[in-house]
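Peer 1: Generate coordinates for the sequence data below:
(2 chains)
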There are 2 protein chains.
Amino acid sequence: MHFRHHKIQDTHITLAHGSGGKAMRDLIDDIFVNTFNNPILSQLEDQATFNLAPLLQQGDRLAFTTDSYVIDPLFFPGSDIGELAINGTINDLAVSGAKPLYLTCSVILEEGLPIETLQRVATSMKAAATKSGIQIVTGDTKVVHRGAADKLFINTAGIGIIPRGINISAHNIQPGDAVIINGELGNHGVAILIARGELALETNIESDCQPLHDLVQHILNICPQIHAMRDATRGGLATVLNEFATTSNVGIRLYEESIPVREEVKGFCEILGLDPFYLANEGKLVVVAKKEYAESIVSAMKSHPAGKDACVIGEVITSPPGIVLLKTIFGAERIVDMLVGDQLPRIC
Amino acid sequence: MHFRHHKIQDTHITLAHGSGGKAMRDLIDDIFVNTFNNPILSQLEDQATFNLAPLLQQGDRLAFTTDSYVIDPLFFPGSDIGELAINGTINDLAVSGAKPLYLTCSVILEEGLPIETLQRVATSMKAAATKSGIQIVTGDTKVVHRGAADKLFINTAGIGIIPRGINISAHNIQPGDAVIINGELGNHGVAILIARGELALETNIESDCQPLHDLVQHILNICPQIHAMRDATRGGLATVLNEFATTSNVGIRLYEESIPVREEVKGFCEILGLDPFYLANEGKLVVVAKKEYAESIVSAMKSHPAGKDACVIGEVITSPPGIVLLKTIFGAERIVDMLVGDQLPRIC
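Peer 2: Predicted coordinates for the structure are as follows:
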């Protein structure tokens, strides 16, 4: 794809691009306004504004979230920091049951970053936003000296609307609930590890980076009584389930044989001493609902492209409270604790 | 002030604090949840949620904004990065006429940052939030390797509600309008420059970092027909007025003798070859309204602590369109162009 940069003459980011003056304005016009291309952003006020009345027609609660993205490398098999910054924040809204509407885009750029890299990232953000029907409505651009940041960090904040009658929270989980996942675990973590090139290993594994809001609405249409939902990002499935167990003061029992992990991912984890349950994902939805709804939820998920490998992976139990147990394929039972230490820095 | 850190044993940030696991959870609990201390944040869901109905009682439009803060040093005369991250985003909401309600807090931490530094910054954010009656309702914590970021960057996004009948925009400005400022220009820029210690200069000048939303509501109560408002941050007064002139396709004439700049700031600017009209401010409000309202606006501003040095500094003219002119104290007239180049990097 070719972009005409009418105003920017530079090929690399300079400190002037963060000055607040003409160079910054030209960068914002050429890269962000041109690429994101929507009437709210194009106003270039210090804030985006929307009428509340149309929002109220879609639901009765507002969801508000933020995430910063520092992933290294910027581009990796299956995705890049731009798509991730859109999908990650969409997903943080989606797991409340919200329909994502508007996102911000705030970048911290290292002096010397190629403008072409920034354009590639912005283009990827726009594609992800368009795919999910959301708009990037306001932003900010900062530049720091060479060496004061590593290439490019992105923050996106997002707002969405929660439809009436939806009440999803980690506090709602009850013994007897089923734990459901929408597909394979660990692909994102492994893809990033390989992309860093520090290992003499090759693979076809790609990041699972995808937006989950449409899958979530699809599930809620069939079963609005979902108790809890979360996307299993940093810290992986194990972290989400430990948070669920602690917050609702219940136990969770997982069945190892039911948890979808690709053979290649298992192999990598064995070689590197990693556990796929702690690996980061960027498109994996953990759903907790009453067991009686499990079958229809799984079947709804399987009928959606983002959930075709959905399955029940465990159940919520009374005791031991606050603990996640794994029934291994050998029939033994072990505790799956919170992640301790740093498994993989800058994974998102 | 003494903080009890019940869970964190470390004295410095490690990569584990960004892992998504136990160390990160403990850091978030000990520093952010404890310090920011409000029921929405304490839920620790991936998003904050609010009912829309109470918002509608306060106004009919939502304002949404974001800013990243990379200021160096973190602590400086008159303020610090934490207070700045709250007030800066409050101000971006306030200049739309919005009442700021909820802010996010997303931090990027460099491995090795003293936890005590993070606690000081969080404490400052909480104090600024409390002072302005807003809540920090959701956040994110990332850690990067030593050398991949400089100490600490903060992003805050914010939402606010615009009262009915308010329509403030850079597009509204008309010939015959007056240009008003709430006080002295350039103090923030000079305070930062001195704080960096690169100059063998000393001064009592402090950053003007302050929230402007209360001043804005005070003005709107007296004159809801304000045409445009903006806070003069990076790029200073000159940049704001150039954006106004371009957006509304009008000319602006400033009167140098009317523009409040402290003698010490003028002196510094002369020594360093800087222009106070381009220096960053963090508590300066530029207001444009019909000339007939100017006197009552200035008098309203003077009765508020954040506007006690308010005055009219210029007028909007038909021609030359898109140009800002300065009538100097010697009676000559010169063009005040957009800032070109980088005056002061990492000023906010």
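Peer 1: If you drop the residues flanking it in sequence, what lies closest to residue A:166?
Peer 2: Nearest residue to residue A:166, sequence neighbours excluded (C-beta to C-beta, 6 or more residues apart in numbering or on different chains): residue A:97, at 3.9 Å. Bear in mind the C-beta positions are built from the backbone N, C-alpha and C, glycine included.
Peer 1: I'd guessed that neighbour sits against residue A:227; true?
Peer 2: No. Contact criterion C-beta atoms under 8 Å: residue A:97 and residue A:227 do not qualify, at 11.4 Å.
Peer 1: overlap in contacts of those two?
Peer 2: Shared contacts of residue A:97 and residue A:227 (C-beta atoms under 8 Å, 6 or more residues apart in numbering or on different chains): residue A:168.
Peer 1: In terms of neighbours, single out the busier of those two.
Peer 2: More crowded of residue A:97 and residue A:227, by other C-beta atoms under 10 Å in any protein chain shown: residue A:97, with 28 against 22.
Peer 1: In three-state terms, how would that one be classified?
Peer 2: The three-state label given to residue A:97 by DSSP: H, G, I helix; E, B strand; the rest coil is coil.
Peer 1: mind listing what it touches?
Peer 2: Contacts of residue A:97 by C-beta under 8 Å, 6+ apart are A:162, A:163, A:166, A:168, A:216, A:220, A:226, A:229.
Peer 1: quick one, what contacts the second one?
Peer 2: This points to residue A:163. Applying C-beta under 8 Å, 6+ apart to residue A:163 gives the contacts A:58, A:59, A:97, A:99, A:220.
Peer 1: Domains in chain A, by residue range?
Peer 2: A:15-162, A:177-335 (automatic domain parsing).
Peer 1: winner for burial among those?
Peer 2: A comparison of the domains of chain A by mean neighbour count, using mean count of other C-beta atoms under 10 Å in any protein chain shown, puts domain A:15-162 on top with a mean of 22.
Peer 1: How far off centre is that one?
Peer 2: 14 Å (C-alpha atoms, centre = their mean, to the nearest Å).
Peer 1: what is the mean pLDDT for that domain?
Peer 2: Averaging pLDDT along domain A:15-162 gives 96.
Peer 1: Give me the distance between the two termini of it.
Peer 2: With C-alpha to C-alpha, to the nearest Å as the measure, the first residue of domain A:15-162 is 41 Å from its last.
Peer 1: do stretch A:199-206 as well
Peer 2: For stretch A:199-206, the separation between the terminal residues is 16 Å (C-alpha to C-alpha).
Peer 1: Give me the contact list for it.
Peer 2: A:77-79, A:187, A:190-191, A:193-194, A:262, A:264-265, A:268, A:271-272.
Peer 1: In strands, which of the residues you listed appear?
Peer 2: Using DSSP state E, residue A:79 are the members of the contacts of stretch A:199-206 that sit in strands.
Peer 1: By proximity to chain B, which residue of the stretch 51-200 of chain A wins?
Peer 2: Of all residues in the stretch 51-200 of chain A, residue A:157 sits closest to chain B, at 3.3 Å by C-beta to the nearest C-beta.
Peer 1: Isn't residue A:48 up against residue A:137?
Peer 2: Yes. Assessed by C-beta under 8 Å, residue A:48 is found in contact with residue A:137 at 3.7 Å.
Peer 1: shared neighbours, these two?
Peer 2: By C-beta under 8 Å, 6+ apart, residue A:48 and residue A:137 have these common neighbours: A:40, A:41, A:102, A:104, B:64.
Peer 1: and the last one, bridged to which residues?
Peer 2: Here residue B:64 sits in beta bridges with residue A:48, residue B:159, going by DSSP bridges.
Peer 1: Looks like it contacts residue A:45 (just checking).
Peer 2: No. Look at residue B:64 against residue A:45 with C-beta under 8 Å: they stay out of range, at 10.7 Å.
Peer 1: picking up where we left off before, next, the residue nearest to residue A:166: phi, psi?
Peer 2: When read as degrees, to the nearest 10, the backbone of residue A:97 gives phi 90, psi 0.
Peer 1: so how far is residue B:44 from it?
Peer 2: 17 Å (C-beta to C-beta, to the nearest Å).
Peer 1: Kindly report the same for residue A:304.
Peer 2: Taking C-beta to C-beta, one finds residue A:304 at 28 Å from residue B:44.
Peer 1: likewise residue A:269?
Peer 2: Distance of residue A:269 to residue B:44, given as C-beta to C-beta: 28 Å.
Peer 1: likewise residue A:322?
Peer 2: Note on residue A:322: its distance to residue B:44, by C-beta to C-beta, is 15 Å.
Peer 1: check which helix or strand covers the residue nearest in space to the middle of chain A.
Peer 2: Of all residues in chain A, the one closest to the mean position by C-alpha atoms, centre = their mean is residue A:88, 2.6 Å from it. Secondary structure from DSSP states H and E places residue A:88 in helix A:81-94.
Peer 1: Also residue A:299?
Peer 2: Residue A:299 is part of helix A:291-302, with elements assigned from DSSP H and E.
Peer 1: if we look at that helix, which residues are touching it?
Peer 2: A:176-178, A:180, A:182, A:215, A:218-219, A:221-223, A:225-226, A:287, A:289, A:307-312, A:315.
Peer 1: at 6 Å what do you get?
Peer 2: A:176, A:178, A:180, A:182, A:218-219, A:222-223, A:289, A:307-308, A:310, A:312 (C-beta atoms under 6 Å, 6 or more residues apart in numbering or on different chains).
Peer 1: With stretch A:38-52 instead?
Peer 2: A:33, A:135, A:137-138, B:56, B:60-65, B:92-93, B:95-96.
Peer 1: if we go to 8 Å?
Peer 2: By C-beta under 8 Å, 6+ apart, the list of residues contacting stretch A:38-52 from outside reads A:28, A:32-33, A:102, A:104, A:135-139, B:52, B:55-56, B:59-65, B:92-93, B:95-96, B:98, B:160-162, B:169-171, B:230-231, B:243, B:247.
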